[in-house]
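**Q** give the three-dimensional model of this entry:
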Amino acid sequence: MIYLKKSVSMRRAVYQVLVVVSFFAFAAPVLAKKGRNPAEQDSSLLYMKGRQFYLDGEFEKAAPLLESALKADPENPFVSHQLAEVYLRLNEVDKAAILAEKAVAKDGNNVEYLATLGGVYATAKRFDEAKAQYKKILEVEPTNRKAPLLIGILEAESGEFEAGAKTLSNAIDKNSDDVMAYFYRAKIYLEMEQIEKAKKDLAKCLDLRPSFVEAGTALGLLQERLGEKDAAIETYSSIRGNGKFKKYLAQLFLQKNQFEKALMELLDYERSEPDDYTARVKIALIFFELKKYDQALTRFTAILKEQPEADNVRFYLGAVYEETRDYDKAVATFQKVSPDSSFYKEAMLHTGYIFRKRGKADEGLKFANVALKKSPEVVEFYDMQASFLEAKGKYSDALKSLDVGLKKFPEDEKLLYFQGALYDKLGERERALANMESILKSNPSNAHALNFVGYTYGEMGKDLDKAEQYIRKALELRPNDGFIEDSLGWVLFKKGKTSEALEHLTRAMTLQPDEAVIYEHLGDIYSEQKKYADALKNYEKAYELTHKKDAQSAKKISEKLAKVKLENKPATH
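**A** Model prediction:
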């Protein structure tokens, strides 16, 4: 069902159209009586007080006053009618029916009484009896514009969509500016899945009444669901006094990645709805997206002060600290996220990433151990624990951690891949390749496993055609991955295609400018070509990137540097 069904039920719509009554329409006849007895006078005063509560929407306070008024003057149709409306608002439909029928019995030609009785019957789903009241209205007042509208609505509510649409079309033919007839005909068209007709009627509603909120909402949401985002933006923008629609507009702009426009709409919306929590959070997130971290920080902090249990905001605040490199505050904030929160896992993973980024393997391992103890059902925490063990050079312990994780999650590709990579580091290439082939058996499109197998074959000088095939498939899956570009360049070099290899390695260096192995590979190729100056430059860069992080790799590159320097040394005579 589309928006109209959710936002304005038929029953509610009927009722809302019915209860358009004026205080003076009822009060004046009562007060105009001459020579009233004391009971009638009391009834009049009670009626006016009850009527005022009704107008203020305080139906529970109105009811006892009007009941007393009716007790004092039981034959007064004005009081019976008003109390019927109050009972209807309080969902006491049976009581409302008795009093509405009593009012109509007193004055069967009173349009207001007939309309209220029709509304009561409609609410009770006594549709035929409701239609009879509206038809009576047309007999009394042939030019009445509401009665045909209500008859059409009731026909649709009864499942007679064609009849309802026809009734409303006749009403429109007689009164081409009947905005409610267009609105409810649009609803019927939606029920009949005649979408274009519904859109046309809703657009007509806005032409006739630009401030018609329900029609604008229905049309805008319908356009959104049809993928007509620009049209939806135009619809929401056209509604006069469109306060809440600025929120809809913002969402549409966000879907189009137009963050500045979305922010402008939400800031405007916030002026009229300063307590809308979701809008305030969204504004802060947009500031974050636009890298306006000071504004994002201020807003997230303020929201969290008011809503200290809001773990989503706590997570976003931690992310701001992380982006601004205030890592201590980021870690402290992430660690306050409740384990019961849906943001807990991401908060812990961000914390782990910060420890790795800062080279704090000891602290990171302690943290990962605690996180895993609290939440052994989170597969990513096994990966995190093993990564810190790897960083400490404890490969065997890292493998044990992964073994525990794989017992719980035997088909998890990330754990299998990590385990394979560790086997490779320990020189157990066949076991490493077995892991990768296992991944590819269940998921032939795992780009990382394809790249690993291809690169390893290249390193081994084994089946280089298959190696190239695997890596090219990986590159199709991840076309801007510098590591895969490096693998392809390396295998091509192994196959003797040096020029093509250099093209891919140069692109890899652009994509991953801080990856030492790419510079090492470039150095190897230039050294092979006896371009020692270029080789020297790339080896030096590779050494710069590794000597503080990976002593084993740094030693290997240092040996290559020494060899190139020796080769590049001018000959002496």
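
**Q** avg pLDDT for the strand or helix carrying Asp128?
**A** Applying DSSP states H and E as the criterion places Asp128 in helix 127-140. Taken as a whole, helix 127-140 carries a mean pLDDT of 87.

**Q** what's the angle from the next helix-or-strand element following that helix to helix 127-140?
**A** Following helix 127-140 in sequence order, the next helix or strand is helix 146-157 (DSSP H and E). Per axes from the mean of the first three to the mean of the last three Cα atoms, to 10 degrees, the angle that helix 146-157 makes with helix 127-140 is 160 degrees.

**Q** pull the residues that contact helix 146-157.
**A** When contacts are defined by Cβ atoms under 8 Å, 6 or more residues apart in numbering, helix 146-157 is touched by residues 10-11, 13-14, 17-18, 115, 118, 122, 127, 130-131, 134-135, 137-138, 141, 161, 163-168, 170-171, 174, 178, 180-181, 184-185, 187-188, 191. Placement of C-beta: from N, CA and C, glycine included.

**Q** please pick the buried ones from the residues you listed.
**A** For the contacts of helix 146-157, a burial check counting by 16 or more other Cβ atoms under 10 Å picks out 10, 13-14, 17-18, 115, 118, 122, 127, 130-131, 134, 137-138, 161, 163-165, 167-168, 171, 178, 180-181, 184-185, 187-188, 191.

**Q** shaky segments in the stretch 101-250 of the chain?
**A** 240-244 (pLDDT under 70).

**Q** nope, the stretch 451-573 of the chain is what I was after
**A** Answering for the stretch 451-573 of the chain: the residues below the bar, that is pLDDT under 70, span 569-573.

**Q** in it, which spans are helices?
**A** 464-477, 482-494, 498-511, 516-528, 532-546, 551-568 (DSSP state H, counting those that start in this stretch).

**Q** winner for burial among those helices?
**A** helix 482-494 (a mean of 25; mean count of other Cβ atoms under 10 Å).

**Q** what's the local residue count around Gly427?
**A** 8 (other Cβ atoms under 10 Å).

**Q** I meant Glu265, not that one.
**A** For Glu265, using other Cβ under 10 Å, the count is 25.

**Q** so it is in which element?
**A** If you go by DSSP H and E, Glu265 is part of helix 259-272.

**Q** same deal with Ala284?
**A** Per DSSP H and E: helix 277-289 holds Ala284.

**Q** now Asp514: phi and psi?
**A** Torsion angles at Asp514 (phi, psi; degrees, to the nearest 10) stand at phi -110, psi 20.

**Q** pretty sure it is touching Thr546, no?
**A** No. Under the criterion of Cβ atoms under 8 Å, Asp514 makes no contact with Thr546, lying 10.7 Å away.

**Q** nearest to Lys292, out of the helices of the stretch 451-573 of the chain?
**A** helix 498-511 (28.2 Å; Cβ to Cβ).

**Q** what's in contact with the closest one?
**A** Applying Cβ under 8 Å, 6+ apart, the contact partners of helix 498-511 are 480-483, 485-486, 488-490, 492-493, 515, 518-519, 521-522, 525, 528-529.

**Q** again, but for stretch 300-315
**A** Taking Cβ under 8 Å, 6+ apart as the rule, stretch 300-315 contacts 277, 280-281, 284, 316-317, 320, 333-334, 336-338, 341-344, 346-347.

**Q** ok, 6 Å please
**A** By Cβ atoms under 6 Å, 6 or more residues apart in numbering, the residues outside stretch 300-315 that reach it are Arg280, Ala284, Tyr316, Leu317, Lys336, Val337, Ser338, Ser341, Phe343, Ala347.

**Q** hmm, back to that, send the alpha carbons of the helix holding Glu265 over as CSV?
**A** Extracted in CSV, the C-alpha atoms of helix 259-272 (Å, rounded to 0.1, in the frame of the first residue of the first chain):
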residue,chain,number,x,y,z
PHE,A,259,25.6,17.3,0.8
GLU,A,260,25.7,21.1,0.8
LYS,A,261,22.1,21.3,-0.4
ALA,A,262,21.0,18.7,2.1
LEU,A,263,22.7,20.6,4.9
MET,A,264,21.0,23.8,3.9
GLU,A,265,17.5,22.2,4.0
LEU,A,266,18.1,20.5,7.3
LEU,A,267,19.4,23.6,9.0
ASP,A,268,16.3,25.5,7.8
TYR,A,269,14.1,22.6,9.1
GLU,A,270,15.9,22.7,12.4
ARG,A,271,14.8,26.3,13.0
SER,A,272,11.2,25.1,13.1
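
**Q** how far out from the middle of the chain is that helix?
**A** Mean-position distance between helix 259-272 and its chain equals 17 Å (Cα atoms, centre = their mean, to the nearest Å).

**Q** other SSEs contacting it?
**A** When contacts are defined as 3 or more Cβ pairs under 6 Å, 6 or more residues apart in numbering; DSSP states H and E, helix 259-272 packs onto helix 245-255, helix 277-289.

**Q** and the gap between Asp340 and Pro376?
**A** For Asp340, the distance to Pro376 equals 15 Å [Cβ to Cβ, to the nearest Å].

**Q** which one's more surrounded, those two?
**A** Pro376 (13 against 7).

**Q** ok, and the more buried one, which helix or strand is that part of?
**A** Assigned by DSSP H and E, Pro376 falls outside every helix and strand.

**Q** in terms of pLDDT, where does it sit?
**A** For Pro376, pLDDT reads 94.

**Q** number of nearby residues for the nearest residue to it once chain neighbours are set aside?
**A** Nearest residue to Pro376 in three dimensions, chain neighbours excluded: Lys408, at 7.4 Å (Cβ to Cβ, 6 or more residues apart in numbering). Lys408: 12 surrounding residues under other Cβ under 10 Å.

**Q** quick check, pLDDT for Lys408.
**A** Predicted confidence (pLDDT) for Lys408: 95.

**Q** go on, Ala39?
**A** 50.

**Q** got the buried residues for stretch 366-378?
**A** Phe367, Ala368, Ala371, Leu372, Val378.

**Q** name the element the first one belongs to?
**A** To tie it back to what came earlier, the one meant is Phe367. helix 361-374.

**Q** just checking, what packs against that helix?
**A** helix 344-357, helix 379-391.

**Q** give me the angle between that helix and helix 379-391.
**A** Going by the same axes, to 10 degrees, helix 361-374 makes 150 degrees with helix 379-391.

**Q** compute the number of surrounding residues for the closest residue to Val140 other than its chain neighbours.
**A** Nearest residue to Val140, sequence neighbours excluded (Cβ to Cβ, 6+ apart): Asn109, at 4.9 Å. The local packing of Asn109 (other Cβ under 10 Å) involves 12 other residues.
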